[in-house]
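1. got a sequence here, can you build the structure:
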Amino acid sequence: MSLAIVYSRAQRGIDAPLVTVEIHISNGLPSLSIVGLPETAVKESKDRVRSAIINSHFDFPARRITINLAPADLPKEGGRFDLPIALGILAASEQIPASALENCEFLGELALSGELRPVKGVLPAALKATEQQRKIIVPKANADEAALSKQAEVLAADHLLSLCAHLHGRQIITNHQGHTRPSTVYCTDIADVKGQSQAKRALEIAAAGGHNLLMIGSPGTGKTMLASRLPGILPALTEDEALAYATIQSVTQGRINDDFYSRPFRAPHHTASAVALVGGGNPPKPGEISLAHNGVLFLDELPEFPRAALEVLREPLESGEIIISRASHQACFPAAFQLIAAMNPCPCGYYGDSKHNCRCTPDQISRYRNKISGPLLDRIDMHIQVNALPIAALIRQNSSDNKDRNKEGKSQQNSQEIRARVTATRELQLARQGVANHRLNNKMLEKYCPLLNQEQQILEDAINKLGLSARAYHRILRVSRTIADLEQSVEISSRHIHEALSYRNFDRSVKNY
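-> Okay, the predicted model is just below:
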């Protein structure tokens, strides 16, 4: 047989489109050509494949070999096609049975010795192979990753020779069993944060409804410490959410971290560019907002980020995804992240501080705050002031915590207790409307957030006084719904609205400045 067909998968964003590798061997001068829009690494595979076949004690055909990677208009990159190309050549030259390749898909880069090396993007390929009811054969280093697709039949090989022995039926490779889900361990606890009861309450509300949060305060008040505790009070990832996060890791770094069942927490430096945040390149790669999918994106020193970098966050905050278009590529990456931001009240950091004198002029403070545009601020549901804790109160708090630990062996209001309340509130929201409160659209708001005349008037008066937009009105209503849900209240009362309005600190400070 001079024609062989082998199935593989390309990588396009987090998708894995099917690639049919067709190998034809014909008479003529010895040559090997690859067609089907291969990039440089794919073109170089012919040298790796030739050496791998020879060093695995097979014969490399001294004839004209044509390799077609279909579809022809799909760009192919990387060394992932080495293994299917090598097997196709062996099948076309009748050194292995072509029938053994029919219900399988192959991924893997070949060393010159014939060993199989890991490649990126194996998990999305395994998911697609499962949909097509085909086995997927990958290098051993990628086996655990591929096995995360629970229904996939994964075969792991470490050498071209052992794989060919399996295809001949002489040395069977059994289905690879993946690891069981590990228990989630959080290294930080919100009980470590002394005082800041209002900030902790705001953090619990943000976690319960998935709301975005902006913390404003002088240096050293605990903003970063509070933000880093948020993943520990969020509900545990579901299997689908963990798989989505693992898929992004697979296509980005070629491996999956052991903690992919934990909520991601990404904290890029304020010098990060717009491309670093949303993704880009050619072909497009995920950015920080996608790496924070189903988790937390923490932006410390928010006004210090480039204005262009902040403005590109506006659409993903609304849609939960980012579409990156290039001349020859287009990719859609998930980006359903929870934004937690922190900033100082002024350039020196001490405006309004009782212990330090602010050295900034009114113009400097105005320019500093205006670095955050109104449209971006509108998309942040809650703004809170984080004040410095007095030293005397901090000492008393430490003494009180020590007594609590001596009596009960733990401090009060730890992350586990808050997470239990947050999880119960999220389950209530999903049972009622199918989404968390921060995803309520206008029609859902009318149905699930009805207000009586008194509550409606309170909210309208506040909106008019602060000069807020319709988007801010809807976000206050969503936060009110979350506060009511935390109390297991069916109706939104005036108390819930007043508390939600108290979390618009930045609006009031800008209005009164």
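
2. just the C-alpha atoms of stretch 288-299, please, in CSV.
-> Taking C-alpha atoms only, stretch 288-299 is exported to CSV below (Å, rounded to 0.1, in the frame of the first residue of the first chain):
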residue,chain,number,x,y,z
GLU,A,288,-3.5,37.1,32.0
ILE,A,289,-7.3,37.5,31.9
SER,A,290,-7.6,34.0,30.4
LEU,A,291,-5.2,32.5,32.8
ALA,A,292,-7.5,34.0,35.5
HIS,A,293,-10.6,32.3,34.0
ASN,A,294,-13.0,31.2,36.7
GLY,A,295,-10.7,32.8,39.2
VAL,A,296,-9.3,36.2,40.4
LEU,A,297,-7.4,38.9,38.5
PHE,A,298,-5.8,41.2,41.0
LEU,A,299,-4.5,44.5,39.7
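
3. now do the strands in the stretch 351-500 of the chain.
-> Assignment of strands within the stretch 351-500 of the chain using DSSP state E, counting those that start in this stretch yields the ranges 382-385.

4. could you point out which residue ranges in it have low pLDDT?
-> 392-412 (pLDDT under 70).

5. how about the helices in the stretch 251-400 of the chain?
-> For the stretch 251-400 of the chain, the helices defined by DSSP state H, counting those that start in this stretch occupy 274-278, 288-291, 307-311, 314-319, 362-369, 374-378, 391-408.

6. my guess is His498 meets Ile458, correct?
-> Yes - His498 sits in contact with Ile458 when judged by CB atoms under 8 Å, with a separation of 7.2 Å. (Glycine included, C-beta is placed from N, CA and C.)

7. ok, now which ones touch the residue nearest to the spatial centre of the chain?
-> Centre of the chain computed as the mean C-alpha position; nearest residue by CA atoms, centre = their mean is His293, 2.6 Å away. Applying CB atoms under 8 Å, 6 or more residues apart in numbering, we find His293 in contact with 244-245, 248, 264, 333-337.

8. could you check how far it is from Gly178?
-> To Gly178, His293 is 21 Å away according to CB to CB, to the nearest Å.

9. check Ser290 too.
-> Distance from Ser290 to Gly178, by CB to CB: 24 Å.

10. likewise for Gly434?
-> Taking CB to CB, one finds Gly434 at 30 Å from Gly178.

11. of these two, which one has the most company?
-> Gly178 (15 against 9; other CB atoms under 10 Å).

12. who touches the closest residue to Asp189 other than its chain neighbours in this structure?
-> Excluding its sequence neighbours, the residue lying closest to Asp189 (CB to CB, 6 or more residues apart in numbering) is Ser415, at 4.8 Å. Ser415 makes contact with 186, 188-191, 229, 232-233 under the criterion CB under 8 Å, 6+ apart.

13. list the buried residues for stretch 308-320?
-> Under the neighbour-count criterion of 16 or more other CB atoms under 10 Å, stretch 308-320 has 309-310, 312-313, 316-317 buried.

14. just to revisit the earlier point, excluding chain neighbours, give the residue nearest to the residue nearest to the centre of the chain in space.
-> Per CB to CB, 6+ apart, closest to His293 is Pro334, 4.8 Å.

15. check contacts around the one you found.
-> Residues counted as contacts of Pro334 (CB under 8 Å, 6+ apart) are 14, 244, 248, 290, 293, 320-321.

16. next: Ala146.
-> Per CB under 8 Å, 6+ apart, neighbours of Ala146: 122-123, 125-126, 136, 138, 152, 154, 156, 176.

17. reformat those residues as CSV; add distance to Gly169 and secondary structure.
-> Converted to CSV, the contacts of Ala146 look like this (distance: CB to CB, whole Å; DSSP: H, G, I helix; E, B strand; the rest coil):
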residue, distance to Gly169, secondary structure
Val122, 25, helix
Leu123, 29, helix
Ala125, 25, helix
Ala126, 24, helix
Ile136, 19, strand
Val138, 20, strand
Ala152, 22, coil
Val154, 19, strand
Ala156, 18, strand
His176, 19, coil
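
18. which one of these is nearest Val490?
-> Leu123 (41.8 Å; CB to CB).

19. roughly how far apart are that closest one and Asp192?
-> From Leu123 to Asp192 the distance is 35 Å (CB to CB).

20. what's stretch 157-170 in contact with?
-> Here stretch 157-170 makes contact (CB under 8 Å, 6+ apart) with 52-53, 56-58, 83, 86-87, 90, 95-97, 100-101, 108, 110, 114-116, 137-140, 155, 171-173.

21. rerun at 6 Å
-> By CB atoms under 6 Å, 6 or more residues apart in numbering, the surrounding residues in contact with stretch 157-170 are 52, 56, 96, 100, 114-116, 140, 171-173.

22. just the buried ones out of those residues, please.
-> Judged by 16+ other CB under 10 Å, buried ones among the contacts of stretch 157-170: 52, 56, 96, 114-116, 140, 173.

23. helices - which of the contacts of stretch 157-170 land there?
-> Within the contacts of stretch 157-170, residues falling in helices by DSSP state H are Ala52.

24. take the contacts of stretch 157-170 and keep only those in strands.
-> With strands defined by DSSP state E, the entries of the contacts of stretch 157-170 inside them are Leu116.

25. and the contacts of stretch 157-170, which two are furthest apart?
-> Using CB to CB, those reach their maximum pairwise distance at Ala52 and Ile172, which is 22.1 Å.

26. neighbours around Thr40, how many?
-> Neighbours of Thr40 under the rule other CB under 10 Å: 7.

27. rewinding a little: mind listing the residues bridging to the residue nearest to His293?
-> Beta bridges link Pro334 to Glu321, judged by DSSP bridges.

28. heads up, I number from 54, so please use that
-> OK, 54 is where the count begins now, so the last one is Pro387.

29. list the buried ones in the longest strand anywhere in the chain?
-> Using DSSP E, we find that the single longest strand of the chain is strand 71-79. Neighbour-count burial for strand 71-79, with 16+ other CB under 10 Å as criterion, is recorded at 71-72, 74-76, 78.

30. got the contact list for the residue lying closest to Ile536 once chain neighbours are set aside?
-> Sequence neighbours aside, His549 is the residue nearest to Ile536 in space, at 4.5 Å (criterion: CB to CB, 6+ apart). Shown in contact with His549 (CB under 6 Å, 6+ apart): 533, 536-537.

31. I'm done for today, thanks for sticking with me.
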